[in-house]
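Asks: coords please:
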Amino acid sequence: MTSITIYHNPLCGTSRNVLALIRNIGQEPKIIEYLQTPPTLEKLRELIVQSGLSVREIMREKEANPAELALDDEALLLAMLARPILINRPIVVTTLGTRLCRPSERVLDILPLPQHAALTKEDGQKLVDASGKRIL
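Replies: This next block holds a predicted model:
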């Protein structure tokens, strides 16, 4: 069994699609509903470094107010901890890497096992065919 962690928001369609892709390899990930259980400052920094993204790239700008958009990286990290909705999602960690999985098919690059069956996004876009092959 492989170790997969998803920082998940069940109200987010992209996050639900990523969770479905993970389950489609026959694995049940560790699910962290980060709005209820935000990462620590140390963990958030670690996820950002591992993903290769900047603090600003991991921020969900649609949720930020103008004052938050002007913050430096350190202050922005603290704002994300105070208001976890500012953390973009889903973030997935596997043995093959850490990714912000937007769009949802980005998770396919770091899943350690092949897809088992066809899978279609909630919006109707086909991601995986019946033989488990990536369509996009």
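Asks: use CA for all of it now, contacts and neighbours both
Replies: Noted.
Asks: look at the closest residue in space to Arg16 that isn't next to it in sequence and say how many residues are nearby.
Replies: With C-alpha to C-alpha, 6 or more residues apart in numbering as the criterion, Arg16 has its nearest non-adjacent residue at 6.2 Å, and that residue is Pro10. Residues near Pro10, counting by other C-alpha atoms under 10 Å, number 15.
Asks: doesn't Pro10 lie inside a strand?
Replies: No - according to DSSP: H, G, I helix; E, B strand; the rest coil, the state of Pro10 is coil, so it is not within a strand.
Asks: for it, grab phi and psi.
Replies: phi -60, psi -10 (degrees, to the nearest 10).
Asks: just to check, it is in contact with Val18?
Replies: No - at 10.7 Å, Pro10 and Val18 do not qualify as touching, with contact defined as C-alpha atoms under 8 Å.
Asks: so after the lowest-mean-pLDDT helix or strand in the chain, what's the next helix or strand?
Replies: Within the chain, no helix or strand scores below helix 66-69, which has a mean of 82 by mean pLDDT, DSSP states H and E. Using DSSP states H and E, the helix or strand that follows helix 66-69 in sequence is helix 73-82.
Asks: isn't Ala79 up against Glu68?
Replies: Yes - the criterion here is C-alpha under 8 Å, and Ala79 meets it with Glu68 at 7.4 Å.
Asks: intersection of neighbour lists for those two?
Replies: Overlap of the contact sets of Ala79 and Glu68 (by C-alpha atoms under 8 Å, 6 or more residues apart in numbering) is empty.
Asks: the more surrounded of these two?
Replies: Remark: of Ala79 and Glu68, Ala79 carries more neighbours, 18 against 15, as counted by other C-alpha under 10 Å.
Asks: ok, that one - contacts?
Replies: Contact partners of Ala79, counting by C-alpha under 8 Å, 6+ apart, are Glu68, Leu86.
Asks: how about 10 Å then?
Replies: By C-alpha atoms under 10 Å, 6 or more residues apart in numbering, Ala79 lies in contact with Met59, Ala64, Glu68, Leu71, Asp73, Ile85, Leu86, Ile87.
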